[in-house]
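> next one to model:
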Amino acid sequence: MPNPYNYGFQYLGPLGGGSPAKAVRCRVVTNSPQALNVGDPVALRATGYVDLCIVNEANLFGIIVGIGPYFDGVRMTYGNNLPLATTYGAVVDRESTVWVVPAAGNLFSAMCDDAVTAVTRAAYLALIGTNVDHLVAAVPPLNHPRLDISGFTAVASMQWRIMDLSKDVTVDYAAVNVPLIVSGNEVATPPASPLAGI
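Okay, the predicted model is just below:
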C-alpha cells in the first residue's frame, strides 16, 4: 500500500526533548526566484536574507514553519506560500518574511525520494546514523523537498543526519514516500537568540 505524501519537512521537536523550538523571523530577498512554502528548507545568505536551500548546500539554516506578511503589489497580506518573484524594492516596511525553525538541534520528519536504495524495515534501520542531502523538485509554486537516501554516507558532510524511523506503524518500507526522522547536520549556525540584545 502506498505511503501518504506529506509535503516537505515537518517539525517534530528539539533533539534532546524539552520545550519546542522558537521560530525565527527571517527576511526573504526581493524578487526571489522561488516560491517558498511551509516545509521548505532555507539557507541563510551572507546578505542576511534566506532563500530556498538546494542540494549539497552547506549553509542549511532551517525549515519554514510559517509565512509572514508579504507585499502583493497593493498591500501587505498573508498566504499559504510566498509567491515567487514577490517584489518590494527598497521599501523596508514591505519586506517579505518567513518563520523558520533552525535545523540545528531539532528533529524533523521528511519523505525519502526513492523506493530502491532501501525496501525493508531492516534496510532503513541500517541507515540510522548516516547522513543525506535533500533534493528539491520545483514545480512552482511547490518545491517538493525530499531526502536523497541514494547518496547516504557516514561522512558528516551532508545536510541531514538520519536519527530514526517514523513512529507510524503503518509505513510500507517497500513503497515510495517512506518517512524518516532527521536532524540538521551540516548547518549554518543559528543566532544565540532571535532577538537582538537578549
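
> identify the residue nearest residue 83 in space, chain neighbours excluded?
Here the nearest residue to residue 83 in space, its sequence neighbours aside, is residue 35; by C-beta to C-beta, 6 or more residues apart in numbering that works out to 5.5 Å. Every residue, glycine included, has its C-beta placed from N, CA and C.

> count of neighbours near the one you found?
Residue 35 has 19 neighbours, counted by other C-beta atoms under 10 Å.

> would you map out the domains in this structure?
By the assignment in automatic domain parsing, the chain contains the domains 10-102, 106-184.

> which residue is the nearest non-sequential neighbour of the spatially most central residue of the chain?
In the chain, the C-alpha nearest the mean C-alpha coordinate belongs to residue 41, at 2.8 Å (C-alpha atoms, centre = their mean). In this structure, residue 41 finds its nearest non-sequential neighbour in residue 53, 4.3 Å apart by C-beta to C-beta, 6+ apart.

> where do the helices of the protein begin and end?
Assigned by DSSP state H, the helices in the chain fall at 121-125.

> so where's it uncertain?
Flagging of the chain using pLDDT under 70 yields the residue ranges 1, 189-198.

> report the separation between the residue of it most remote from its centre and residue 134.
Distance from the C-alpha centroid of the chain, by C-alpha atoms, centre = their mean, peaks at residue 74 (29.7 Å). Distance, residue 74 to residue 134, using C-beta to C-beta, to the nearest Å: 35 Å.

> picking up where we left off before, pretty sure the residue nearest to the centre of the chain is touching residue 55, no?
No - at 10.0 Å, residue 41 does not count as touching residue 55 under the criterion of C-beta atoms under 8 Å.

> overlap of the contact sets of the two?
Counting by C-beta atoms under 8 Å, 6 or more residues apart in numbering, the common neighbours of residue 41 and residue 55 are 134, 136.

> about what we covered before: dump the residue contacts of the residue nearest to the centre of the chain.
8-9, 52-53, 60, 62-64, 103, 134, 136, 145, 159.

> same check, this time on residue 40
8-9, 52, 63-64, 136, 143, 145.

> sort out which one of those lies nearest residue 86 for me.
residue 52 (13.3 Å; C-beta to C-beta).
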